[in-house]
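>>> Pasted the sequence and its predicted model underneath.
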Amino acid sequence: MVFSSLVFLFFFLPITLIVYFLSGKRLKNIVLLLSGLIFYAWGEPLYVLIMIVSAAIDYFAGRLLDKFKRNEKLRRVFLLVSVVMNLGLLAVFKYSSFFIGIINDLTVFDIKDPNLPLPIGISFYTFQSMSYTIDLYRRHIKVQKKFSSFLCYVTLFPQIVAGPIVRYADVANEIDDRTVTADKVSDGIGIFIKGLAKKVLIANNIGMLWTTVKAMEFSEISALTAWLGILAFTFQIYFDFSGYSDMAVGLGKMLGFDFPQNFDHPYISKSVTEFWRRWHITLGTWFREYVYIPLGGNRKGLSRTCINLLITWTLTGFWHGASFNFLLWGLYFGILIVIEKLGFAKILEKLPKIISKLYTFIIAVFGWVLFDTETLADTGKFFKAMFTGNGVFADSTAVYLLSGYLFWFIISALGSTEIFDNSVKKLQDKGSLIYGFTKTLTVSAMLFICIVFLVNATYNPFLYFRF
Amino acid sequence: MKLKLNLETKSDTTKILPMIFFSCLILFGLLIILEPKKPTFSEIENRSLAAFPEVNLKTIENREAMNGIETYIADHFPERIFWVKTKTAIEMAIGSREINGVYISKERFIHKMPAADNENVNGNADNTNQFADSYDTRVYVMLVPTAAAIYSDLVPYGAPNFNQKEYLADVYDRLDGNITPVDIYDELYSKKDEYIYYRTDHHWNTAGAFIAYQKAGEVMGFEPLLEQDFEIEHATDEFLGSRYSNVLYDGMKADTIDIYTSPSGAEVTSVEISVSPDSEPAVYDDMYFREWLKTKNKYGVFFSGDQPFISIKSTAKGGKILVIKDSYANCFIPFLTNHYSEVAVLDLRYINASPDEYADINDFDSVLFLYNMIDIPLNLDLGDQTAG
């Protein structure tokens, strides 16, 4: 199920919340667990079993890690079982076709590609479960003794299919002990609808431009068309994904959880390093905690630090999908971050803000070309169109696209800055009555417009479902 | 474990939002479930509404059940038309001029014609050539440009709109010498300032068909009646056509449907409509089915819409003609009844047997292919039907 669907909004959500609010404290986790399973099974009626089995293995690995507290050898084995199982699931379902393709190309073998469909959210829930066993191994958290509570964490419907990647440590306390208040519910609704509007109004609409351009022959489009297309994707992926995260955070609040923030205005960053502190924050945190730091982080000298950064970012890219484009996309950011580390960051700091922001934004835009063109040949053609326009700077098609989508470009550009958040803050200073009134009105209006677009939805993809 | 619902809040405004949110969700949810009789067809949108999907293990496994439920809710959403119209209004307000594949100009809705289907040009021409070789009859081809070509100046600047004139010329070029094109492009284009295409529908209107009829007479060798020979009846002036259904934008003036009758011309003696070759045809004495003027689909006044096979007999002296066509022909065919003693009409999209089983094609003096540009690739595909 997806948040921006009518089934979710008008049936799943109200029914789940009513049952959840009405049930006693002992039952609340069970209600969540069941709703999570239904939510997931709605999209993956078969693969829901894989998720339950993998959660069970992590749960028992956790219990055993706890039981054999003093036996370091055994503890390592239990951790290994959990990590191998989770990465194995990813390897089989997400990466097998990619590697089989490489092996078949490079060797005389001809392995048959099973072409397994990617279970929704597998990249997210495996990372979430791993955070539990790894942190337990590091003795950072306490063991979860109740299987229902652990499964409740894994299946928590706000975050199961597209993040944020909530580490067990983030919600360990709230799993066992949380309070739902009217304030939190009210806040949660506001955040949820903000996310819904980002997704349904902005991402879906501006995304249609990119779909149009993507269907064109890249070697025939003008420079302006190419730039409009990739800018549209730049905004689409941000509003799609951050909208999803907002909805998850909002739903979490309604249920009494405080999920970590996943996006913090990435497109106003002044360096690539900063961009990745503001983009998909929970993924960055995961790779820092469980890959970069274990590799030695920055404690083993400059050259090792650079290598560690490159490894971490290449893997981050590869997490997004099994293709050379994603690997390159990760490596591209790794290299830029290393360059900044080696001194370019200092230069960026001295430049006027507008220059460093523009630099970072354009780097991100170039990244999206790598990210969302299907093959490296297409990537090349698209870059060529951006820089040469295949001989044409702007044609009538570009003018039509620009005039049809100008409104969404303006909204997206403004929405990527802190303007709206700052005006909310200003309003808050004016006293709770004015603020409350304006907020209620704005949020209700946004809900209304979202319903308008949802009832008519012909184009409603979730980009991060592929991951 | 401490899980409490604490209703004390800082201010009352905090409580209003959850109340609005939940009552809205619950209200719509209940309305969707409780709506007593669910329509199966949306007349204003001119399309069937989704039925509740079958739910069993198989449909759950392949997710048809889940996808079906989502579509079902969207199709049966309370006051659906209000939501659709509101979306159009919002899109218009923010400057969009293309909704659901329709360009909205000041004067008319225009069906979007983004790209010619070049791949099928050859195949279509081959099929037609093959047809002409297989039968001993004169073959004419009339391809009708759509409003996107005739009113290309009303298509938003830079919007994809292929050159139908070139495309038509290309198709005509590929036809063998024993096929005669009836090229009406220039005749229609020169009268573009007259009311020859519906504003809210994708068809030309009867006045447009009349222009084509004049040219057809010239090419096909009959003496067409002149405008003064006809009595023009405004059958309705409340026609909101198919493109209106696509956009549900109320800012466009409704269309008039005209019926041309010729007191001095030939008289239609019988209209037989057959669904399949074996079934008994339904017999009428009129080509116009005025009860359709009371429905949404008023264009159905001509022959009650597209029919697999129609045979019209009249007192005209000329020979027999077979028209193989799409819906553009429906308002054109009545003109032919003044010149042919039998006009047979075949719609390849609706027949369930090969054309030969409906009629002996060699028995006709002429065959006219009449198609508009929207779905030429589909309709000229005579492949397996002529093979039989």
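Sure, I can see it.

>>> what about the residue of chain A most remote from its centre, which helix or strand?
Going by Cα atoms, centre = their mean, the residue of chain A most distant from its centre is A:Val108, 38.3 Å out. In the assignment (DSSP states H and E), A:Val108 maps to no helix and no strand.

>>> quick one: it from B:Gly221, how far?
A:Val108 sits 71 Å away from B:Gly221, going by Cβ to Cβ, to the nearest Å. From N, CA and C alone the C-beta is placed, and that goes for glycine too.

>>> what does A:Lys146 give?
91 Å.

>>> what do you get for A:Val83?
Distance, A:Val83 to B:Gly221, by Cβ to Cβ: 85 Å.

>>> Which one's more surrounded, those two?
Neighbours per residue (other Cβ atoms under 10 Å in any protein chain shown) separate A:Val83 from B:Gly221, with A:Val83 holding more: 19 against 12.

>>> Walk me through the domains of chain A.
The record assigns chain A these domain ranges, following automatic domain parsing: A:6-178, A:184-466.

>>> who wins for proximity to chain B among those?
Nearest to chain B, of all the domains of chain A, is domain A:184-466, at 2.5 Å by Cβ to the nearest Cβ.

>>> so how far is that closest one from its chain's centroid?
Remark: domain A:184-466 is offset 10 Å from the chain centroid, using Cα atoms, centre = their mean, to the nearest Å.

>>> tell me the mean pLDDT for that domain?
Domain A:184-466 shows a mean pLDDT of 91.

>>> now swap in stretch B:262-270 and tell me
Averaged across stretch B:262-270, the pLDDT comes to 90.

>>> what distance separates the start and the end of that stretch?
In stretch B:262-270, first residue to last residue: 17 Å (Cα to Cα, to the nearest Å).

>>> rewinding a little: out of the domains of chain A, nearest to B:Asp186?
For B:Asp186, the closest of the domains of chain A is domain A:184-466, at 24.8 Å, according to Cβ to Cβ.

>>> Quick check: pLDDT value at residue 120.
Picking chain A for this. On the pLDDT scale, A:Ile120 gets 86.

>>> wait, I meant chain B there
Listed pLDDT for B:Asn120 reads 69.

>>> ditto for B:Glu8
pLDDT, B:Glu8: 46.

>>> what do you get for B:Ala344?
For B:Ala344, the pLDDT comes out at 95.

>>> and residue 272, what does it touch?
I went with chain A, as the question did not name one. Neighbouring residues of A:Val272 by Cβ atoms under 8 Å, 6 or more residues apart in numbering or on different chains: A:333, A:336-337, A:340, A:360, A:363.

>>> nope, chain B
If you count contacts by Cβ under 8 Å, 6+ apart, B:Glu272 has them with B:281-284, B:310-312.

>>> how about a cut-off of 6 Å?
Going by Cβ atoms under 6 Å, 6 or more residues apart in numbering or on different chains, B:Glu272 touches B:281, B:283, B:311.

>>> just to revisit the earlier point, same list, the domains of chain A, but as TSV with distance to B:Pro160 please.
Listed next are the domains of chain A as TSV, based on distance: least, Cβ to Cβ, whole Å:
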stretch	distance to B:Pro160
domain A:6-178	31
domain A:184-466	7
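
>>> Flag every residue of chain A that's near chain B.
A:5-7, A:10-11, A:14, A:21, A:25, A:28, A:42, A:45, A:177, A:179-183, A:185-186, A:189, A:396-397, A:399-400, A:404, A:407, A:432, A:436-437, A:440, A:444, A:452, A:455-456 (Cβ under 6 Å from any Cβ of the partner chain).

>>> Filter these down to just the ones in helices.
Per DSSP state H, helices hold the following members of the residues of chain A next to chain B: A:6-7, A:14, A:21, A:25, A:28, A:42, A:182-183, A:185-186, A:189, A:396-397, A:399-400, A:404, A:407, A:432, A:436-437, A:440, A:444, A:452, A:455.

>>> which other residues reach the longest helix anywhere in chain B?
Ranked by residue count, the top helix of chain B under DSSP H comes out as helix B:13-34. With contact meaning Cβ under 6 Å, 6+ apart, helix B:13-34 is reached by A:10-11, A:14, A:182-183, A:185-186, A:189, A:436-437, A:440, A:444, B:9, B:73, B:78.

>>> hmm, try it at 7 Å
The contact list for helix B:13-34 (Cβ atoms under 7 Å, 6 or more residues apart in numbering or on different chains) reads A:9-11, A:13-14, A:182-183, A:185-186, A:189-190, A:432-433, A:436-437, A:440, A:443-444, A:447, B:9, B:73, B:76-78.

>>> quick one on the thing from earlier: quick one, phi psi at the residue farthest from the centre of chain A?
With angles defined as degrees, to the nearest 10, A:Val108 sits at phi -80, psi -10.

>>> Kindly state the pLDDT recorded for it?
On the pLDDT scale, A:Val108 is placed at 81.

>>> again with B:Pro39
Reading off the model, B:Pro39 has pLDDT 79.

>>> got it, and B:Ile20?
89.

>>> what about the helices in chain B?
Shown for chain B, the helices assigned by DSSP H span residues B:13-34, B:57-61, B:64-75, B:80-93, B:118-134, B:147-150, B:164-174, B:185-190, B:206-220, B:242-247, B:333-336, B:355-358, B:376-379, B:383-387.

>>> So is the second one next to chain A?
Read it as helix B:57-61. Yes. For helix B:57-61, a contact with chain A is found by Cβ under 7 Å from any Cβ of the partner chain, at B:60-61.

>>> what helices or strands is the biggest helix by length in chain A leaning on?
Secondary structure of chain A per DSSP H: the longest helix is helix A:223-255. Identification of packing neighbours for helix A:223-255 by 3 or more Cβ pairs under 7 Å, 6 or more residues apart in numbering or on different chains; DSSP states H and E yields helix A:182-197, helix A:204-214, helix A:353-372, helix A:376-388, helix A:396-416.

>>> okay, the angle between that helix and helix A:396-416?
Orientation note: helix A:223-255 sits at an angle of 30 degrees relative to helix A:396-416 (axes from the mean of the first three to the mean of the last three Cα atoms, to 10 degrees).

>>> Which positions within the helix or strand following helix A:223-255 qualify as buried?
Later in the chain than helix A:223-255, the nearest helix or strand by DSSP H and E is helix A:272-278. In terms of neighbour count (16 or more other Cβ atoms under 10 Å in any protein chain shown), helix A:272-278 has its buried residues at A:272-276, A:278.

>>> so can I have a markdown table of the residues you listed showing distance to B:Asn56?
Output for the buried residues of helix A:272-278, formatted as a markdown table (distance: Cβ to Cβ, whole Å):
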| residue | distance to B:Asn56 |
| --- | --- |
| A:Val272 | 52 |
| A:Thr273 | 54 |
| A:Glu274 | 53 |
| A:Phe275 | 49 |
| A:Trp276 | 47 |
| A:Arg278 | 47 |
